[in-house]
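*Asks:* everything below, folded, please.
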Amino acid sequence: MNSEKISIDVVIAWVDGADTILNKKRDEYLNLSLKKLQPGAENTRFNNLNEINYCVISILKFASFIRKIFIVTDNQEPKIRPVVKQYFPDRISDIHIVDHTEIFEGFEAFLPTFNSICISNMLWRIKGLSNKFVYFNDDIFLVRPVNPSVWFKKGHPVLRGKWRLPPFERLVWDGLRAFFHRLHTKKYMETPPSFQVNQWNAARLFNYKLSYFHSGHTPLALDKKKLEEYFNNNPDVLNENIKYRFRNYSQFNTVALANHMEYKNGNRNTVSSQVIYMKPYNRGLNYVKRKFNQCRNDEKIIFLCIQSLDLASKFDQDAIFKELNKLLEIKIR
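*Replies:* The predicted structure follows:
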């Protein structure tokens, strides 16, 4: 199959953490008597500064072959349409808002959920989604033109990441910390979720014992039919994984599940992440400029991930939006 001719959609998970209705629902499932938020419920996971505007525009500008963009929300409406209408008016009909109730149809007992892992487990249930799709978060942006083979080659997903040894040090440390906490307090301590461990949990489902394929925060290619087949054949695995309202240490990562399933079935389309990571909180005066210069000067870099932008200073936030405007040749704010 020629990857240049297949239909490819994009799915973006999005949440507006300032929504009072959402926060009220979230509070109902939090133990508010605790002195700090439970693991997986930190505010920065839900905060947004309308980065999705830049995310969507970067896709329309640098990956015009994308057929549709689905934005998955919890009864919310991102203010994306005016921006798309201004810069890509012919693509406004290709932007679709998908509510959690659609992808959790028949699984309503697991709603509401505030857990990105659970949401990603169910993306294959989006109505009208193409068989080949790319999963974005709203803090990830394209920085230069790409073609379909970035995500699919010969009809198969490109596995973006690298093989690593299992996170044994993290597992041992987490186990010891929980043990001594119980010994000292006689109370159970919930271990904070781990991006590494969640991927390792996926690898173990396919009997990988000595290594696992670790993917970073980049746009990642997925095959809808293969996810559908796996979860339909393993309903208990799905139900166990989506029962957590907030991210949990014991869960498996959806993309990691798909990657290891692909590799187990002979897919060897493996490449590096090709991403620049930016964590602009308390980083110094030249940090933002240096990161954007890396994006411009290194032609191998095609993605930019800006994590926890809400924690950065107003000065750095303004600098980042200014650079994004320049990169995308727009003026949103």
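*Asks:* any regions of the stretch 151-300 of the chain where pLDDT drops low?
*Replies:* 178-181, 186, 188-189 (pLDDT under 70).
*Asks:* which residues in it form strands?
*Replies:* 152-153, 156-157, 159-160, 162-164, 212-214, 220-223, 270-271, 275-278 (DSSP state E, counting those that start in this stretch).
*Asks:* for residue 206, which of those strands is the nearest?
*Replies:* In terms of C-beta to C-beta, the element of these nearest to residue 206 is strand 212-214, at 9.5 Å. For every residue, glycine as well, the C-beta is placed using N, CA and C.
*Asks:* if we can go back for a sec, among the strands of the stretch 151-300 of the chain, which is the most enclosed?
*Replies:* Of those, the one with the most neighbours on average (mean count of other C-beta atoms under 10 Å) is strand 220-223, at a mean of 24.
*Asks:* neighbouring strands - and their directions - for that strand?
*Replies:* Strand 220-223 has the following sheet partners, assigned by DSSP bridges: strand 132-137 (antiparallel).
*Asks:* quick one: contacts of the partner strand?
*Replies:* 6-13, 55, 59, 66, 116, 120, 123, 151-152, 155, 157, 217, 219-224, 254-255, 305 (C-beta atoms under 8 Å, 6 or more residues apart in numbering).
*Asks:* could I have the ChimeraX command that selects the buried members from those?
*Replies:* What follows is the ChimeraX syntax for the buried subset of the contacts of strand 132-137, where burial is set by 16 or more other C-beta atoms under 10 Å:
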select :8,9,10,11,12,13,55,59,66,116,120,123,151,152,157,217,219,220,221,222,223,224,254,255,305
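*Asks:* can you tell me which of the contacts of strand 132-137 are in helices?
*Replies:* Among the contacts of strand 132-137, the residues falling in helices (DSSP state H) are 55, 59, 116, 120, 224, 254-255.
*Asks:* what is the nearest of those residues to residue 22?
*Replies:* Of all the ones in helices among the contacts of strand 132-137, residue 22 sits closest to residue 116, with 14.0 Å by C-beta to C-beta.
*Asks:* export the strands of the stretch 151-300 of the chain to CSV and tack on distance to residue 310?
*Replies:* CSV is the format used below for these (distance: least, C-beta to C-beta, whole Å):
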stretch, distance to residue 310
strand 152-153, 33
strand 156-157, 31
strand 159-160, 26
strand 162-164, 29
strand 212-214, 26
strand 220-223, 23
strand 270-271, 31
strand 275-278, 13
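*Asks:* out of these, which is closest to residue 73?
*Replies:* With respect to residue 73, and counting by C-beta to C-beta, the nearest of these is strand 220-223 at 19.1 Å.
*Asks:* where do the helices sit along the stretch 1-150 of the chain?
*Replies:* For the stretch 1-150 of the chain, helices defined by DSSP state H, counting those that start in this stretch occupy the ranges 20-28, 51-62, 81-87, 100-103, 116-121.
*Asks:* if you could redo that for the stretch 151-300 of the chain, that was the one I meant.
*Replies:* Using DSSP H, counting those that start in this stretch, the helices of the stretch 151-300 of the chain run over 168-185, 195-205, 224-233, 235-241, 254-264, 287-297.
*Asks:* and the angle from the longest one to helix 195-205?
*Replies:* To tie it back to what came earlier, the one meant is helix 168-185. 110 degrees (axes from the mean of the first three to the mean of the last three C-alpha atoms, to 10 degrees).
*Asks:* buried residues of helix 168-185, list them for me.
*Replies:* For helix 168-185, using 16+ other C-beta under 10 Å, the buried residues are 171, 174.
*Asks:* tell me what that helix is packed against?
*Replies:* When contacts are defined as 3 or more C-beta pairs under 8 Å, 6 or more residues apart in numbering; DSSP states H and E, helix 168-185 sits against helix 195-205.
*Asks:* measure residue 163 to residue 326 for me?
*Replies:* Distance of residue 163 to residue 326, computed by C-beta to C-beta, to the nearest Å: 37 Å.
*Asks:* can you pull the pLDDT of the residue nearest the centre of the chain?
*Replies:* When C-alpha atoms, centre = their mean is applied to the chain, the residue found nearest the centroid is residue 137 (4.1 Å). As predicted, residue 137 sits at a pLDDT of 93.
*Asks:* list the beta-bridge partners for it.
*Replies:* Under DSSP bridges, the beta-bridge partners of residue 137 are residue 13.
*Asks:* ok, the one 5 residues further on next?
*Replies:* With beta bridges defined as DSSP bridges, residue 142 has these partners: residue 303.
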